[in-house]
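A.B. asks: the following comprises the amino acid sequence and a computationally predicted model.
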Amino acid sequence: MKRGKNNFVQNWDNLTIAVVGATGVVGSEFLSIIANRHPEIGNLRLLASHRSSGKQIDVNGKTFVVQETTKDSFEGV
């Protein structure tokens, strides 16, 4: 991962970002911000409760399936 001035990430296409509560109001707003500011993000892991698992969410033309949040949800993030 390449970091630039002030230690900020410059290469977003190799990141895996987990969004907990992706189907809620805050999660939806966060996804909107990410989509607008960093459309080149490589991998999103959308997490939520059991009730929301399986739901599909489109971000920048890619469809992601929401997964239930578990203790293993953050491996590789």
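C.D. replies: Ah, there it is. Numbering: from 1, shown residues only.
A.B. asks: list the contacts for the residue nearest the centre of the chain?
C.D. replies: The centroid of the chain falls nearest to Leu44 when counting by C-alpha atoms, centre = their mean (3.5 Å). By C-beta atoms under 8 Å, 6 or more residues apart in numbering, the contact set of Leu44 is Thr16, Ile17, Ala18, Val19, Leu31, Ile34, Val59, Lys62, Phe64. C-beta: built from backbone N, CA, C; applies to glycine.
A.B. asks: restricted to strands, list those residues.
C.D. replies: Thr16, Ile17, Ala18, Val19, Val59, Lys62, Phe64 (DSSP state E).
A.B. asks: most neighbours among these, please name it.
C.D. replies: Top of these by neighbour number is Val19, holding 22 neighbours under the definition other C-beta atoms under 10 Å.
A.B. asks: sketch out the low-pLDDT regions of the chain for me.
C.D. replies: The chain contains residues with pLDDT under 70 at 1-10, 12.
A.B. asks: in it, mark out all the strands, start to finish.
C.D. replies: Using DSSP E, strands in the chain cover 16-20, 43-48, 56-59, 62-65, 67-68.
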